[in-house]
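> need a 3D model of the sequence below.
(one chain, ligands or ions: 1)
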Amino acid sequence: MSLLPTANAPEEGVTAHNSVMAAWLQRGLASGELRPADVAFAHWIAAQAPSAPPWVPIAAACLSRHVADGHVCLPLQTAPTAGPCRRWLMQQLADCPTRLDHGDIIGNGTNPTPLVRDGARLYLWRHWYSEQAVARALAQRLLAPGADTDPTAAARRLRPWLDALFAPNADTPAGPDWQALAVALATRQRLAVITGGPGTGKTTTVVRLLAVLQGLRLADGAPPWRIGLAAPTGKAAARLAQSVAGALAHLPWCALPLPTAQHGTLRASLPTHATTVHRLIGRHGAIGRVRHDADHPLWLDALVIDEASMLDLELLHETLQALPPDARLILLGDRDQLASVEAGAVMAQLCERARSGHYPAAVAAWLHSATGQALPAPFCDDDGTALDAAVVMLRHSRRFGGDSGIGQWAAAVNDGDAQRLVRLAETPSPDVRLLCPPADDSGGGNARLDGWDEASLWEEVVHAWGALLQAIHAGPRGDGGFDADAAERDAWARAVLQRHATFQVLCALRDGPWGVQGLNQRVLRALQRAGLLDARLSSAHAWFAGRPVLVTRNAPALGLMNGDLGLVLPYAPPGEGHSLRWRLAFAAPELPAGVRWALPAQLDGLQTAFALTVHKAQGSEFDHVWLALPALADSPLLTRELLYTGITRARQRLTLVAPGGVPALLQACTRRAERAGGLRAALLAAMADPAAR
Ligand SMILES: Nc1ncnc2c1ncn2[C@@H]1O[C@H](COP(=O)(O)OP(=O)(O)OP(=O)(O)O)[C@@H](O)[C@H]1O
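Numbers count the residues shown, from 1 in each chain. This next block holds a predicted model:
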C-alpha cells in the first residue's frame, strides 16, 4: 500500500501542498528519520486541515518521532544531526515559527488543539498541558510561605537538630557538608530536589530530613505528618525501603534534641514501607482513570520519590494532581542517569544548575545560621532563583572512595573526559577489568580471533553462574533431591536468589551479538561448554533449572511487577516420585518466607535474563556487573548516560566489555542523551506569574 496521499483536493494549491508533503514524508521514511506511525500521524493532521501548508503535517511527523525518542517537544531550531525532513522543516520556519500556527490544528494552548506551539517548541497537546500543570504545581510549592516567614526563628530551631545529625567525624569530607545543607534547604519550602551519584547519601539525607520535620512537629505538640515513600519501579521501591531501614538504624537517636520518652513516637512516625508511584496513585495499566486525583487526593503531608530520574512527565503530573497542594514533595535521584522510558527528563531539567549551586546571598546567609556552614563563593549567585534554592547536589560518595576504580570510571564517563578514560583503560585497577574483544566477534564458539581467547571473555560469567548452578542442583537438602518440605524449599530458594542478585550481565541493546538476545545465547553456550548446563539445551528460552527470568508484565495478583528478576527452580510434588515440575522463585523480603513462588502458567511475557539491558537494570544494583557495550560504536543508543548508568549499577566489581576497544568507549562518552523539554522554562515563567502565589 502506498503511503502517499491521494491528491483529490479541489484547489490546486492544496494538491501542490499534498505532493510536497508526500514527497518529504516519503523521504523521511526512506532515510529512517520517520517511522510509519509518524507518517500516519502527519496524514491524520493533513486530513484535519486540508488547506494547511505542507510544513504543518511534516512538523507533526517530526514531533511524533521526537516524542517516541523520549522528548517532550520538538525544538523549532536547526539541529546539526537532524535528518533531511526536519532540516527542510527548519528552513521553512527559520524566519518565522508562527508559520506553523494553523487554526484548529496548532494553537497556543488557550484552547485544546492537537498540537501546541510555545515559542520555539512544538508539543502534542497532552505533553504541553502536563508540562504547564507540573510547572504550576511546582511553582506553587516553591512560592508557598515557608521558613522565610520568620527565617531567624526557623534557623534557630533547626540548628540543634543539624548539629546532632551531622556532628563531624573522621568520615566527614572536607568542604561543605552538602547533606546538612540539603536538609536545611528542604525544610524551607514544599519542594526539595536532592541529586547525587551512587552512595552520596541521598537516602541517609532524606531520612534525617524526615526525622527533623517530624521532630519539630513533635516539639510543637502537633500530630506527625503522614509521609509516603515511592519509586517509579517495584525494584527501586524495594531498595528504597531497605535503604531507609538501614538509615533509620544509623540515626544518632541519643543525640537528638528530643526527650528520650519521645524517641518511640518519632520512630513510629517515620515511614518504612515504600511502594511504586503507580500503585500509590492507583494507576493500573497505561490507560484509564487513576484512583487518586485532585478530587480524591492522597492522604499524605509529604511524599518522597526516589530514583526520580526515571519519573516521566505525565506520571509526575498525575502524582502532583493526587498530592494535596500543601503536601511536600521531595525528589531524590541521580540527574546524570538515563531518563524515563516515557517522554520527559524531569530530574535533568530541575537539576540543570545543581552542580554550581546558584544560591542567592540571603539563602546562603540563612544556611550559615541554620547549619553553621559558610557556602563557598562559587556556589552563591544573587540571580539564583527559588528553584536553585530548592535543589542540592550531594558530591561525596561513601560507596566509591577516591581510589575506587568504579568511582573513577563513573566520574570520567560522566564528565566525558576522554583523556582520563584512556588513562584509566591503561591502568590496572583491583575493581575494574576492561576486556576488548574484536569488534567482529559474533560469538562463534571457542575461536581465537586475532589472539583473543573467547574462553577468557566468559571466565567470570562461568565462575559466577557455576557457584549458583551448583547450589541449585544440590537442591534444598544438598543431596540433589527436590522433595523437601516448604520451609527447606524457601530457605534454599532464598539462598540461591541472594546469590543470583550479586552478579549480572548488562548490555546496551536488545538485539545483536552484544545485546540481550545474543548474550543470552552466548552465556548459555559458555555454561554448556563448562559442563554446567545440559549440552542438549538448544535455546536460553527453554525451561531448565537455574534459568534466570525477567517479568515483563505486571502481575499484581501474584505480587510481581514488570522488572522483577527470578529463577526457575525444580520442584518435586509430594507423593509423585521423581517427577519434577518447574516453579518460579522471586526474592520477597517483605514476606515472612522471604520468597514468592509462581507457576510458569501464571506469568505471561517471561524473558530469559542471563543478560539485561541497562534500562531494565536502572534502580537495581549488583555486587559485580559485567557490562557489554555494542560493537557498533555509532549505535545512537550508546550514550554517556547509558554507560554511566550501567557502570554505577556495580557496587564492588565491574567488568567492562568493549568490543573493538577503547575508541568505541570514547565515542559513547561524547554522545549525550539530552532530551528536549520546556519544564524548567515553564517553571521559571510560572514562578514569575503573580497568579502562582
Ligand atoms: N553522613 C554520613 N555519615 C556516615 N555514613 C553515611 C553518611 N551518609 C551516607 N552514609 C553511608 O553511605 C552509604 C550510602 O548512603 P545512602 O544509601 O544514603 O546513599 P544513596 O545516595 O542513597 O545510595 P544509592 O546510590 O545506593 O541510592 C550508606 O552505607 C550510608 O550509611
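
> then the helix or strand hosting I472 to PDB, C-alphas only?
Secondary structure assigned from DSSP states H and E places I472 in helix 454-474. Extracted in PDB, the C-alpha atoms of helix 454-474 (Å, rounded to 0.1, in the frame of the first residue of the first chain):
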ATOM      1  CA  GLU A 454      37.000 -16.400  23.800                       C
ATOM      2  CA  ALA A 455      37.200 -18.500  27.000                       C
ATOM      3  CA  SER A 456      38.800 -15.700  28.900                       C
ATOM      4  CA  LEU A 457      35.800 -13.500  27.900                       C
ATOM      5  CA  TRP A 458      33.400 -15.800  29.800                       C
ATOM      6  CA  GLU A 459      35.700 -16.700  32.700                       C
ATOM      7  CA  GLU A 460      33.900 -14.500  35.300                       C
ATOM      8  CA  VAL A 461      30.400 -15.300  34.000                       C
ATOM      9  CA  VAL A 462      31.100 -19.000  34.200                       C
ATOM     10  CA  HIS A 463      32.600 -18.600  37.600                       C
ATOM     11  CA  ALA A 464      29.600 -16.700  39.000                       C
ATOM     12  CA  TRP A 465      27.000 -19.000  37.400                       C
ATOM     13  CA  GLY A 466      28.900 -22.100  38.300                       C
ATOM     14  CA  ALA A 467      28.600 -21.500  42.000                       C
ATOM     15  CA  LEU A 468      24.900 -20.600  41.600                       C
ATOM     16  CA  LEU A 469      24.000 -23.600  39.400                       C
ATOM     17  CA  GLN A 470      25.800 -25.900  41.800                       C
ATOM     18  CA  ALA A 471      23.700 -24.600  44.700                       C
ATOM     19  CA  ILE A 472      20.600 -25.100  42.600                       C
ATOM     20  CA  HIS A 473      21.400 -28.600  41.500                       C
ATOM     21  CA  ALA A 474      22.300 -29.600  45.100                       C
END
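
> for the very next helix or strand once past it, which outside residues touch it?
Next helix or strand after helix 454-474 toward the C-terminus (DSSP H and E): helix 486-500. With contacts defined as C-beta atoms under 8 Å, 6 or more residues apart in numbering, helix 486-500 is touched by 467-468, 471-472, 475-477, 484, 548, 565-567, 569, 571, 585-587, 593-595, 597. All C-beta atoms are positioned from the backbone trio N, CA, C, and that covers glycine.

> check Q498 and give its pLDDT.
Q498 is assigned 94 on the pLDDT scale.

> can you report how many residues lie near it?
With neighbours defined by other C-beta atoms under 10 Å, the count for Q498 comes to 12.

> from A184, how far out is it?
39 Å (C-beta to C-beta, to the nearest Å).

> now do the helices in the stretch 1-150 of the chain.
With helices called from DSSP state H, counting those that start in this stretch, the stretch 1-150 of the chain shows them at 12-31, 36-48, 55-68, 84-93, 125-143.

> could you give the mean pLDDT of the helix or strand just after the last one?
Scanning forward in sequence from helix 125-143 by DSSP H and E, the next helix or strand is helix 151-165. Taken as a whole, helix 151-165 carries a mean pLDDT of 92.

> again, but for stretch 57-64
91.

> so where's this protein shaky on pLDDT?
1-17, 78, 80, 146-148, 284-288, 440-452, 575-578, 632-636, 690-693 (pLDDT under 70).

> what parts of it come near the ligand?
171, 179, 196, 198-204, 243, 247, 250, 398-399 (C-beta under 6 Å from any ligand atom).

> quick revisit: which one of the helices of the stretch 1-150 of the chain lies nearest to V505?
helix 55-68 (27.7 Å; C-beta to C-beta).

> roughly how far apart are A535 and L527?
10 Å.

> ok, now H358?
53 Å.

> quick one, which of the two is more surrounded?
Applying other C-beta under 10 Å to H358 and L527 shows that L527 carries more neighbours, namely 24 against 20.

> wasn't that one part of a strand?
No. Going by DSSP: H, G, I helix; E, B strand; the rest coil, the assignment for L527 is helix, not a strand.

> contacting residues for it?
L527 neighbours (C-beta under 8 Å, 6+ apart): 461-462, 465-466, 469, 533.

> domain assignment for this structure?
12-124, 144-169+177-399, 405-440+454-670 (the TED database).

> make CSV out of those and add distance to A686.
Shown next, in CSV, are the domains of the chain (distance: least, C-beta to C-beta, whole Å):
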stretch, distance to A686
domain 12-124, 13
domain 144-169+177-399, 10
domain 405-440+454-670, 27
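
> wait, which of those is closest to A688?
It's domain 144-169+177-399; of the domains of the chain, that one is closest to A688 (C-beta to C-beta) at 9.3 Å.

> show the end-to-end separation of the closest one, please.
36 Å (C-alpha to C-alpha, to the nearest Å).

> chain center to stretch 154-162, what's the gap?
34 Å (C-alpha atoms, centre = their mean, to the nearest Å).

> just stretch 331-338 next, same as before
7 Å.

> equivalent analysis for stretch 293-308, please.
19 Å.

> mind saving the C-alpha coords of that stretch as PDB?
The C-alpha trace of stretch 293-308 is given here as PDB (Å, rounded to 0.1, in the frame of the first residue of the first chain):
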ATOM      1  CA  ASP A 293      -6.600  12.800  41.700                       C
ATOM      2  CA  ALA A 294      -7.400  16.400  42.700                       C
ATOM      3  CA  ASP A 295     -10.900  15.300  43.800                       C
ATOM      4  CA  HIS A 296      -9.700  12.200  45.600                       C
ATOM      5  CA  PRO A 297      -6.300  13.300  47.000                       C
ATOM      6  CA  LEU A 298      -3.700  11.100  48.700                       C
ATOM      7  CA  TRP A 299      -3.900  11.200  52.400                       C
ATOM      8  CA  LEU A 300      -0.300  12.500  52.800                       C
ATOM      9  CA  ASP A 301       1.500  15.500  54.200                       C
ATOM     10  CA  ALA A 302       4.800  14.600  52.500                       C
ATOM     11  CA  LEU A 303       5.900  12.300  49.600                       C
ATOM     12  CA  VAL A 304       9.400  11.200  48.900                       C
ATOM     13  CA  ILE A 305      10.100   9.800  45.400                       C
ATOM     14  CA  ASP A 306      13.400   8.000  44.900                       C
ATOM     15  CA  GLU A 307      15.000   7.300  41.600                       C
ATOM     16  CA  ALA A 308      13.300  10.400  40.200                       C
END
